[in-house]
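Participant: Below is the sequence, then the predicted model.
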Amino acid sequence: MIFDFLSGLITPKEKKFYPLFEKASSNLIETSKTFQEFINADSSQKFKIYEKLEHLEQIGDDITIHTYKELLSTFLTPLDREDIHGLITALDDIVDAIYGSAKRIMLYKISPDLPNIHKHAEILVNISKDIHQLMFELRDLKNREKIKTLIHNLKEAEFESDNSYEHAIAELFDSETNVGLIFKRKEIYSYLEKAVDYVEEVAIVFETILAKNA
């Protein structure tokens, strides 16, 4: 019995964290797909889809809080604490930013049919799928080439998103003269850009984890 107790103290509680990362990334996929559905929906369906985004954002918060609590209560962790914290926070921040964009579309009563917004939504869906794959690779880090390819995909998507954002803002200023509308639409874009910026945080944490486990 004493041996079992001591063994429990010195063995990393891997099962506490990996499923949480996978659950968070699965929620991210659902969030990005739902946002894509939201901007494509007609006005009669938009509020119902928005409520789903609200629910997904809350799920993300709950997973993050649960992870923080497990981090505080676990003596030895399978990864460095700052990496666990950084990874789950970045995943939650992406979901929050996507939801933030949808929230402003609803608050400002603006049509989501904005220049390049569909491109941003597509990028987020593809990024989310790559992140989800990365979370499963996190369990053993054996397939390093695949992990590096997925990290590269995230960085490429971030670059593509930057270009899309810049063109969208340029088109916005060229086509709109109402200062209030410019501000509101720019804020919607800014939240989508933040979402992709947080994706880069995921890539950075993963690169750090790979370096520590070389």
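Facilitator: Sure, I can see it.
Participant: so what secondary structure elements neighbour the helix or strand containing residue 23?
Facilitator: Applying DSSP states H and E as the criterion places residue 23 in helix 14-40. Other helices and strands packing on helix 14-40, by 3 or more CB pairs under 8 Å, 6 or more residues apart in numbering; DSSP states H and E, are helix 43-73, helix 81-108, helix 117-137. Placement of C-beta: from N, CA and C, glycine included.
Participant: where does this protein dip in pLDDT?
Facilitator: 1-14 (pLDDT under 70).
Participant: measure the residue nearest the centre of the chain to residue 35 for me?
Facilitator: Centroid check for the chain by CA atoms, centre = their mean gives residue 94 as the closest residue, at 3.1 Å. Residue 94 sits 11 Å away from residue 35, going by CB to CB, to the nearest Å.
Participant: Mind listing the shared neighbours of those two?
Facilitator: Counting by CB atoms under 8 Å, 6 or more residues apart in numbering, the contacts common to residue 94 and residue 35 are residue 124.
Participant: The longest helix seen in the chain vs helix 14-40, what angle?
Facilitator: Ordering each helix of the chain by length in residues (DSSP state H) puts helix 179-212 first. Relative orientation of helix 179-212 and helix 14-40, computed by axes from the mean of the first three to the mean of the last three CA atoms, to 10 degrees: 150 degrees.
Participant: how about the residue lying closest to residue 197 once chain neighbours are set aside, what does it touch?
Facilitator: In space, not counting the residues next to it along the chain, residue 197 is nearest to residue 158; the distance is 7.2 Å by CB to CB, 6 or more residues apart in numbering. Applying CB under 8 Å, 6+ apart, we find residue 158 in contact with 196-197, 199-200, 203.
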